[in-house]
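S.K.: Predicted model follows, preceded by the sequence.
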Amino acid sequence: MSAPRTPTTAEELRGAGLRVTAARVALLETVRDGDHLDAEAVTSGVRDRVGHISLQAVYEALHALTAAGLIRRIEPAGSPARFEGRVGDNHHHIVCRSCGVVADVDCAVGEVPCLSASDTHGFSIDEAEVIYWGLCPACSAARGSRAP
């Protein structure tokens, strides 16, 4: 018995009901290979893979892939939207207040949702989104070296 085969990027797009194009394949692979990329970084990565693509086409593809659940969009306050390939696990993020670097933080409890609301207002809650804020190790070290 052989191990199950991992679907190709094109098969994932088709499975999500999306048309397969070179730009969409390149975009999905760029997001998955990246680390919480903004739209400009995604555009640059896609251009490195397939040549010219308009920023508008990237935004449209990002929207389609996010709506299909193939990528996730996060929007830390005061920062442009970021995109990542880690989906479906209800993880959270930590953001550096100084340089803006973003890192994943696994669910604190390990169950969905990780947090229980004090008042659900009648909603059936299935996800919690948390963003932790602080200084990354590099910015903490830099700040410490500038202390008077």
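M.R.: Arrived safely, thanks for sending. Treat the numbers as computed from the prediction; the structure is a model and nothing was measured.
S.K.: State the number of residues packed around the closest residue to Cys96 other than its chain neighbours.
M.R.: In this structure, Cys96 finds its nearest non-sequential neighbour in Cys136, 3.9 Å apart by Cβ to Cβ, 6 or more residues apart in numbering. For the C-beta atoms, the positions are set from N, CA and C on the backbone; glycine is no exception. When neighbours are defined as other Cβ atoms under 10 Å, Cys136 has 18 of them.
S.K.: repeat for Val58
M.R.: By other Cβ under 10 Å, 22 other residues sit near Val58.
S.K.: Which stretches in this structure count as helices?
M.R.: Under the criterion DSSP state H, the chain contains helices at 9-15, 22-33, 39-50, 55-67, 137-145.
S.K.: Deepest-packed of the ones you listed, please.
M.R.: Most buried of these, by mean neighbour count (mean count of other Cβ atoms under 10 Å): helix 22-33, with a mean of 20.
S.K.: Summarise which helices and strands that helix is packed against.
M.R.: Packing partners of helix 22-33 (3 or more Cβ pairs under 8 Å, 6 or more residues apart in numbering; DSSP states H and E): helix 9-15, helix 39-50, helix 55-67.
S.K.: Reformat these as CSV; add distance to Asp104 and mean pLDDT.
M.R.: Listed next are these as CSV, based on distance: least, Cβ to Cβ, whole Å; pLDDT from 0 to 100:
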stretch, distance to Asp104, mean pLDDT
helix 9-15, 21, 95
helix 39-50, 17, 96
helix 55-67, 17, 96
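S.K.: hmm, back to that, minimum distance to Gly85: which of the helices of the chain has it?
M.R.: Of all the helices of the chain, helix 22-33 sits nearest to Gly85, with 3.4 Å by Cβ to Cβ.
S.K.: Convert the C-alpha atoms of that closest one to PDB, please.
M.R.: Only the C-alpha atoms of helix 22-33 are listed here, as PDB (Å, rounded to 0.1, in the frame of the first residue of the first chain):
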ATOM      1  CA  ALA A  22       0.100  30.100 -14.700                       C
ATOM      2  CA  ALA A  23      -0.300  33.200 -12.600                       C
ATOM      3  CA  ARG A  24      -2.600  31.500 -10.000                       C
ATOM      4  CA  VAL A  25      -0.200  28.600  -9.700                       C
ATOM      5  CA  ALA A  26       2.700  31.000  -9.200                       C
ATOM      6  CA  LEU A  27       0.800  33.100  -6.800                       C
ATOM      7  CA  LEU A  28      -0.300  30.100  -4.600                       C
ATOM      8  CA  GLU A  29       3.200  28.800  -4.600                       C
ATOM      9  CA  THR A  30       4.700  32.200  -3.800                       C
ATOM     10  CA  VAL A  31       2.400  32.700  -0.800                       C
ATOM     11  CA  ARG A  32       3.100  29.200   0.500                       C
ATOM     12  CA  ASP A  33       6.900  29.600   0.000                       C
END
